[in-house]
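Enquirer: Sequence and computational prediction follow.
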Amino acid sequence: MWIGVACGLAAGALWGMVFIVPVLLAAFSPLELAVGRYVAYGLIALAMAAPRLLPLLRKLDPSDIAAMVRQALAGNIVYYVFLALGVKLAGVPATSLIVGMLPVSVTLLGRNDHGAASLRDLAAPLLMIGGAVLCMNADVFMHAGPGAGSATVAGKVLGILCATAALACWTYYALDNARFLKRNHHFTGAEWSMLYGLASGAIALVIGVVALALFSGQVTGAAAVASGRDWGRYAMVNVLLALGASVIGNHLWNVASRRVPVTLCGTLILSETLFAFLYGFIYQQRMPRALEALAIVLMVAGTIWSVRAHDAPAQPSPAAP
C-alpha cells in the first residue's frame, strides 16, 4: 500500500501544476487550454504506444472502450474546462480547496468498496478537510478587494460553482478508474494511461476543429495579437503539462489506484491541492494569510490521519471456544 501512497503523492505534485496554467495563459479560454493540453497528451501517448499499439487495440472490448471514453471526458477534458473556469473566476486557492473536497465525496461514494475504512474511522479527518474548505472560501470573500462590486462577487460565485462541477467530474473519474483497474488486469497502469490519453486526444481534436470552425474569427488577426495571445508559449506550456501532469501523473495515479483502497485514493488527491497552494504562493510571491495557513494545516492533518486509519491493522476475531 505504501508504494501506492508514494505514487499517489507524486501524481498530486505533478497535477498541482494544472491550477497555475490558467494564470500563465490568461489570454486563452478554458476550452482552448483543454484542447491544447489533451491534443498534446494524445500525440505523446500515440508516440509512446506506437510500437505496441495494434496489440493493445486488439485487447480492447466494448466495455473497455466505454470506460476509456467516459474517463477521458470526466477525468480529463470536461474536468479541466470547469477547473480552468474556476481558477479564472474564483482564483487558485478557492478552486484547489473545493477540488480538495474529493476525500469527502470519494469516501462517501466508495465506502462499500473492498478495503475501505469505515466512516466512523474517517469522520474526524473528513471534518478537518471540510474545515479547510470553509477557511479558504471565507478568505476568498474577505479579500475580494476594496470596492468589489456585485459583478465581482457574482463572478466568484460562478467560479465556485465551476470548481464544484470539476469536483463532481473528478469524483466520478476517481471511483470509476479505481474500480476498473481493480477488476481488469489485462492492462497495466501505463497501458491504460496511454489508451485513455489517445481517447482524450481524439476527443479534444474533434472539439478543437469544431470550435475553430465556429469561432475562428474571434481568435485570429489583430485582435488576437493585441490581447497577448502568445501561441509559442501556449504550445510549450501545454506540451510540458501533457507530459508531466497527464502522461507521468496519470501513470503514477493508475499505480496508486490499483494498490490502495478507493477511500484512500480520495485522500491522496489532496496532495494535488497542497502542491497547487505551494505553486500559487510561489507565483504570487507571498506567504499564506492566516485562514489559508489554517486551511493547509487542517488539510495536512486530515490527510495523515486518513492514511493512518487505512493502515491500521484489522482487529483479530476472538478465538472459537
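Expert: Okay, I see it.

Enquirer: can we go C-alpha only for contacts and neighbour counts from here?
Expert: Fine.

Enquirer: which regions of the stretch 51-200 of the chain lie under the pLDDT threshold?
Expert: Counting by pLDDT under 70, the stretch 51-200 of the chain contains low-confidence ranges at 111-119, 140-141, 144-151.

Enquirer: go again using 90 as the cut-off
Expert: 51-59, 75-77, 79-81, 83-160, 170, 173-175, 177-194, 196-197 (pLDDT under 90).

Enquirer: now the strands for it?
Expert: Read by DSSP state E, counting those that start in this stretch, the stretch 51-200 of the chain holds no strands at all.

Enquirer: Next, please give the residue ranges for the helices of it.
Expert: With DSSP state H, counting those that start in this stretch applied, the stretch 51-200 of the chain shows helices at 53-59, 62-72, 78-90, 92-99, 102-109, 119-142, 150-183, 189-215, listed in chain order.

Enquirer: Tell me which of those helices sits most buried.
Expert: With neighbours defined as mean count of other CA atoms under 10 Å, the helices of the stretch 51-200 of the chain peak in mean count at helix 92-99, which reaches a mean of 27.

Enquirer: on contacts alone, who are the packing partners of that one?
Expert: Identification of packing neighbours for helix 92-99 by 3 or more CA pairs under 8 Å, 6 or more residues apart in numbering; DSSP states H and E yields helix 78-90, helix 119-142, helix 150-183, helix 270-284.

Enquirer: got CSV for those, with distance to residue 246 too?
Expert: Listed next are the helices and strands packed on helix 92-99 as CSV, based on distance: least, CA to CA, whole Å:
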stretch, distance to residue 246
helix 78-90, 12
helix 119-142, 26
helix 150-183, 14
helix 270-284, 13
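
Enquirer: Compare the ones you listed and give me the one nearest residue 290.
Expert: Comparison of the helices and strands packed on helix 92-99 against residue 290 by CA to CA identifies helix 119-142 as nearest, at 8.7 Å.

Enquirer: who does the closest one touch, helix- and strand-wise?
Expert: Checking 3+ CA pairs under 8 Å, 6+ apart, helix 119-142 ends up next to helix 92-99, helix 102-109, helix 290-311.

Enquirer: could you redo the last one with a cut-off of 7 Å?
Expert: With contacts defined as 3 or more CA pairs under 7 Å, 6 or more residues apart in numbering; DSSP states H and E, the packing partners of helix 119-142 are helix 92-99, helix 290-311.

Enquirer: Contacts for the shortest one, please.
Expert: Judged by CA atoms under 7 Å, 6 or more residues apart in numbering, the contacts made with helix 92-99 from elsewhere in the structure are 19, 86-87, 133, 136-137, 140, 160, 163-164, 166-167, 273, 276-277, 280.

Enquirer: again, only this time at 6 Å
Expert: Helix 92-99 is contacted by residues 86, 87, 133, 137, 163, 167, 273 when judged by CA atoms under 6 Å, 6 or more residues apart in numbering.

Enquirer: coming back round to it: possible to save the helices of the stretch 51-200 of the chain as CSV with distance to residue 245?
Expert: Putting the helices of the stretch 51-200 of the chain into CSV (distance: least, CA to CA, whole Å) gives the following:
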stretch, distance to residue 245
helix 53-59, 22
helix 62-72, 14
helix 78-90, 12
helix 92-99, 15
helix 102-109, 18
helix 119-142, 24
helix 150-183, 15
helix 189-215, 12
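
Enquirer: Which one of the helices and strands packed on helix 119-142 lies nearest to residue 186?
Expert: Residue 186 lies closest to helix 290-311 among the helices and strands packed on helix 119-142, at 27.1 Å (CA to CA).

Enquirer: Helix 102-109 and the closest one, what's the angle between them?
Expert: For helix 290-311 against helix 102-109, the angle by axes from the mean of the first three to the mean of the last three CA atoms, to 10 degrees is 40 degrees.

Enquirer: For helix 290-311, buried residues please.
Expert: By 16 or more other CA atoms under 10 Å, the buried positions in helix 290-311 come out as 291-292, 295-296, 298-300, 302-303, 305-307, 309-310.

Enquirer: From the contact counts, what lies against that helix?
Expert: Contact here means 3 or more CA pairs under 6 Å, 6 or more residues apart in numbering; DSSP states H and E; on that basis helix 290-311 packs against helix 119-142.

Enquirer: Grab the CA positions of the helix it packs on and hand them over as PDB.
Expert: Provided in PDB are the C-alpha atoms of helix 119-142 (Å, rounded to 0.1, in the frame of the first residue of the first chain):
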ATOM      1  CA  LEU A 119     -17.000   6.200   8.100                       C
ATOM      2  CA  ARG A 120     -16.500   6.200  11.800                       C
ATOM      3  CA  ASP A 121     -12.700   6.000  11.400                       C
ATOM      4  CA  LEU A 122     -12.700   8.700   8.800                       C
ATOM      5  CA  ALA A 123     -15.200  11.100  10.300                       C
ATOM      6  CA  ALA A 124     -12.500  13.200  12.100                       C
ATOM      7  CA  PRO A 125     -10.100  13.600   9.100                       C
ATOM      8  CA  LEU A 126     -13.000  14.400   6.800                       C
ATOM      9  CA  LEU A 127     -14.200  17.100   9.200                       C
ATOM     10  CA  MET A 128     -10.800  18.600   9.200                       C
ATOM     11  CA  ILE A 129     -10.800  18.700   5.400                       C
ATOM     12  CA  GLY A 130     -14.200  20.200   5.400                       C
ATOM     13  CA  GLY A 131     -13.000  22.900   7.800                       C
ATOM     14  CA  ALA A 132     -10.100  23.600   5.500                       C
ATOM     15  CA  VAL A 133     -12.500  24.300   2.600                       C
ATOM     16  CA  LEU A 134     -14.600  26.600   4.800                       C
ATOM     17  CA  CYS A 135     -11.500  28.600   5.900                       C
ATOM     18  CA  MET A 136     -10.300  29.000   2.300                       C
ATOM     19  CA  ASN A 137     -13.700  30.200   0.900                       C
ATOM     20  CA  ALA A 138     -14.000  32.600   3.900                       C
ATOM     21  CA  ASP A 139     -10.600  34.000   2.900                       C
ATOM     22  CA  VAL A 140     -11.600  34.400  -0.700                       C
ATOM     23  CA  PHE A 141     -14.600  36.600   0.000                       C
ATOM     24  CA  MET A 142     -12.700  38.600   2.800                       C
END
